[in-house]
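K.L.:
The following block contains a protein sequence and its predicted model.
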Amino acid sequence: YKRVTVKSLIEMKANGEKISMLTSYDYTMAKIVDSAGTDVILVGDSASNVMAGHETTLPITLDQMIYHASSVVRAAKRALVVVDLPFGSYQSDPKEALRSSIKIMKQSGGHAVKLEGGKEIKESIKRILNAGIPVMGHLGLTPQSIYKFGTYSVRAKEEEEAKKLKEDALMLEKLGCFAIVLEKVPAKLAKEVADSVTIPVIGIGAGNGVDGQVLVLHDMLGMTHEFNPRFLRRYMNLYDEMTKAISLYCDDVKSVDFPNEKEQY
Ligand code: KIV
Ligand code: NA
């Protein structure tokens, strides 16, 4: 396999080739996601919701992110693996941000880190980049700030927030970030942002005028039921498929249909 790199992603944008990105948190799923041809695997702090059942992304720790990321790295032969810096591991100061990033790179083997925010975390991003660690930005709806926003609704509908978002995107490019995730903003604004920078803008709920798309794997496979945003396309209904399979198994155990003659020693 020819490994996807931060350089090849920037070339893909230049060539007009869209970038596919999905989350993974474990070895078995990441192996499928990688071999199916996904360009970027994000070890998202959405693991806090999807894997651990928390209501927000805030509780997940750096060590828990590293456990997920190291499992994903062992599976990914082609995809670039990006790891979220979790809440509380980079907001205090640039030194803490660098320390957390180094820990992720050394202990998980991931290829890049992602941080939420714009000019508030400028110095931290600079410091991480100076250490040779590729950084992906994340603007728009940034779930680690949910208690500031109060809701998970669309961001940057008003001119003031849209203006700051555009400035932040330009700043992230200038600092040397290799890509930006843009979450839940109007499609028109997202396209303007994507057109204003040479680094790829990867959207989630940001329309099709951007350079790539990302979804949470368990959502697009239909394993989750509660989460129903407009931007989510479900490619399977795995929740129902799995429920059927598991209840068949339970029935077979009860009726002593499983195991049969051939399934025993
Ligand atoms: O944690 C995550 O899954 C993310 C994506 C939704 C972009 O940050
Ligand atoms: Na995230």
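P.N.:
Here it is on my side, so go on. Numbers count the residues shown, from 1 in each chain. Ligands and ions are numbered 1, 2, ... in the order given.
K.L.:
What residues does the nearest residue to residue 209 once chain neighbours are set aside make contact with?
P.N.:
Closest residue to residue 209 apart from its sequence neighbours, by CB to CB, 6 or more residues apart in numbering: residue 191 at 2.8 Å. The way it works is simple: take the backbone N, C-alpha and C, and place the C-beta from them, glycine included. By CB atoms under 8 Å, 6 or more residues apart in numbering, the residues touching residue 191 are 207, 209, 210.
K.L.:
any idea which of these is the one closest to ligand 2?
P.N.:
Set against ligand 2, the nearest of those by CB to the ion is residue 210 (17.0 Å).
K.L.:
For ligand 1, what's the nearest residue on this structure?
P.N.:
Ranked by CB to the nearest ligand atom, the top residue of the chain for proximity to ligand 1 is residue 44, at 2.3 Å.
K.L.:
With adjacent residues omitted, what lies nearest to residue 71?
P.N.:
residue 27 is the one closest to residue 71 (CB to CB, 6+ apart), at 4.4 Å.
K.L.:
where does the one you found land on pLDDT?
P.N.:
With respect to pLDDT, residue 27 scores 99.
K.L.:
how much space between it and ligand 2?
P.N.:
Distance, residue 27 to ligand 2, by CB to the ion, to the nearest Å: 20 Å.
K.L.:
same thing with residue 60?
P.N.:
Distance from residue 60 to ligand 2, by CB to the ion: 9 Å.
K.L.:
tell me which element the closest residue to that residue other than its chain neighbours falls in.
P.N.:
Spatial nearest neighbour of residue 60, excluding adjacent residues (CB to CB, 6+ apart): residue 48 at 3.8 Å. Residue 48 is located in helix 47-50, with elements delineated by DSSP states H and E.
K.L.:
if we can go back for a sec, count the residues that sit near the residue of the chain closest to ligand 1.
P.N.:
30 (other CB atoms under 10 Å).
K.L.:
just checking, it touches residue 86?
P.N.:
No. Checked against CB atoms under 8 Å, the pair residue 44 and residue 86 is beyond contact range at 9.9 Å.
K.L.:
name the helices or strands packed onto the helix holding residue 48?
P.N.:
Packed against helix 47-50, as judged by 3 or more CB pairs under 8 Å, 6 or more residues apart in numbering; DSSP states H and E, are the following elements: helix 62-75.
K.L.:
show me what contacts the residue nearest to residue 14 when sequence neighbours are not counted?
P.N.:
Of all residues beyond its chain neighbours, the one nearest residue 14 is residue 198 (7.3 Å), with distances taken as CB to CB, 6+ apart. Shown in contact with residue 198 (CB under 8 Å, 6+ apart): 10, 13, 14, 173.
K.L.:
so which of those residues comes closest to residue 74?
P.N.:
Nearest to residue 74 among the contacts of residue 198, counting by CB to CB, is residue 10 at 26.4 Å.
K.L.:
how far away is the closest one from ligand 2?
P.N.:
22 Å.
K.L.:
what comes up buried for the strand or helix carrying that residue?
P.N.:
Assigned by DSSP H and E, residue 10 belongs to helix 6-14. Under the neighbour-count criterion of 16 or more other CB atoms under 10 Å, helix 6-14 has 6, 9, 10, 12, 13 buried.
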